[in-house]
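**Student:** Compute the structure for the input listed below.
(one chain, ligands or ions: 1)
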Amino acid sequence: MGTLPVPVTAAGRTGLDALLAHPSHSVVALDFDGTLAPIVADPTESRPHPAVLPALARLAPQLRAVAVITGRPAETAVAYGGFEGAAGLEHLTVLGAYGAERWDAATARLSSPPPHPGIDRVRAELPDLLRRLEAPQGTWTEDKGYALAVHTRRAADPARAYRWLREPLADLAARHELHLEPGRFVLEIRPAGMDKGTALTAFLAECGAGPVLYAGDDLGDIPAFEAVERRRAAGEPGLLVCSTDPGEEVTELSRRADLTVVGPDGVADLLADIAARI
Ligand SMILES: O=P(O)(O)OC[C@H]1O[C@H](O[C@H]2O[C@H](CO)[C@@H](O)[C@H](O)[C@H]2O)[C@H](O)[C@@H](O)[C@@H]1O
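**Tutor:** Coordinates of the predicted model:
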């Protein structure tokens with residue numbers, strides 16, 4: 001924690017100033033993996049950076065709303081995040097599965113649509129396809145129920161394995177009317193029609209939000225960045241934050257950000273600094 005960083009863009013500086021001036025109208029929306037939680041080799045071990053929850057708990061009561069928008073199932077993000085019953089986060093909303101699922105701390109209610117029928121067919125075909133493709137050792141599939149995520153982080157050459165599998169998995173997704181979501185050494189087959197931008201836009205409308213801060217780290221966060229950019233074009237201030245990883249930069253996201261911070265540690269500092277300034 002320290003001095004509040006200055007966004008590199010004029011739009012970002014306007015967004016941050018507006019949030020500080022009107023916190024009770026402002027919304028903060030955050031991605032989970034890579035933004036609140038450091039990237040780890042085993043996704044089941046993903047947990048928020050220790051400074052994240054205290055910073056969020058201090059900031060959230062001063063804002064109109066706080067949401068976590070993630071590619072994880074909402075229930076998983078709530079469990080790994082330790083959000084249920086967390087002091088200060090009594091009004092947190094978690095939008096999981098890129099917005100298809102929702103959990104509200106205020107009611108502890110979880111809503112989750114039925115899985116797309118194509119997912120069952122992909123689940124049946126995927127092991128054989130990976131075998132035929134001679135997917136590099138270390139490649140493994142995370143079954144999220146509504147989606148199947150093929151991870152290459154544990155392969156000897158994760159980038160090569162990712163490139164090797166990307167096209168055939170995109171074809172498999174398309175054959176079953178599904179969408180391939182590329183991420184950080186993960187290729188996820190999931191239903192189309194929902195993304196973090198649609199989820200964020202609907203949530204902001206529901207809250208009657210003014211200024212918004214969105215922070216993410218990966219390609220799946222670009223639609224949320226675009227949603228904030230559209231609001232800015234319509235005169236609503238916003239701040240786009242990229243949580244960067246020096247060893248694994250997602251260039252397109254950092255290029256579009258008003259502010260870059262280093263990993264969840266940097267995100268926690270930023271949230272704490274904003275809370276202190278308010
Ligand atoms: O939208 P997010 O909250 O960023 O979730 C995106 C994906 O995150 C997880 O994968 C990523 O984090 C893992 C744990 O650090 C890491 O091992 C993996 O390489 C990353 O891609 C998660 O496993 C996926 O299901 C999410 O879609």
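**Student:** Give me the contact list for stretch 269-278.
**Tutor:** 1-5, 16, 19-20, 23, 28, 51-52, 54-56, 58-59, 62, 213, 215, 241, 259, 261 (Cβ atoms under 8 Å, 6 or more residues apart in numbering). All C-beta spots, glycine's among them, are computed from the backbone N, C-alpha and C.
**Student:** What residues of that stretch count as buried?
**Tutor:** By 16 or more other Cβ atoms under 10 Å, the buried positions in stretch 269-278 come out as 269-275, 278.
**Student:** Now, those that are in helices?
**Tutor:** 269-275 (DSSP state H).
**Student:** And for the top strand by length along the chain, what's in contact with it?
**Tutor:** When the chain is parsed with DSSP state E, its longest strand is strand 238-244. For strand 238-244, the external contacting residues (Cβ under 8 Å, 6+ apart) are 7, 11-12, 15-16, 19, 31, 34-35, 211-217, 225, 228-229, 231-232, 250, 253-254, 256-264, 266-267, 270.
**Student:** which strands and helices sit next to the helix or strand where Leu204 lies?
**Tutor:** Under the criterion of DSSP states H and E, Leu204 resides in helix 196-207. On a contact count with 3 or more Cβ pairs under 8 Å, 6 or more residues apart in numbering; DSSP states H and E, helix 196-207 meets strand 27-30, strand 65-69, strand 93-96, strand 212-216, helix 222-233.
**Student:** May I have the strands that pair with the fourth one, each with its orientation?
**Tutor:** This means strand 212-216. strand 27-30 (parallel), strand 238-244 (parallel) (DSSP bridges).
**Student:** Could you dump these into a markdown table with distance to Tyr146, mean neighbour count and mean pLDDT added?
**Tutor:** A markdown table is the format used below for these (distance: least, Cβ to Cβ, whole Å; neighbours: other Cβ atoms under 10 Å; pLDDT from 0 to 100):
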| stretch | distance to Tyr146 | mean neighbour count | mean pLDDT |
| --- | --- | --- | --- |
| strand 27-30 | 21 | 25 | 98 |
| strand 238-244 | 25 | 28 | 98 |
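**Student:** so how far is the helix holding Leu204 off the chain centroid?
**Tutor:** 14 Å (Cα atoms, centre = their mean, to the nearest Å).
**Student:** Close to the ligand: what parts of the protein are there?
**Tutor:** 31-34, 39-41, 43, 46, 70-72, 142, 144, 149, 151, 153, 183-186, 188, 218, 220 (Cβ under 6 Å from any ligand atom).
**Student:** Noted, bye for now.
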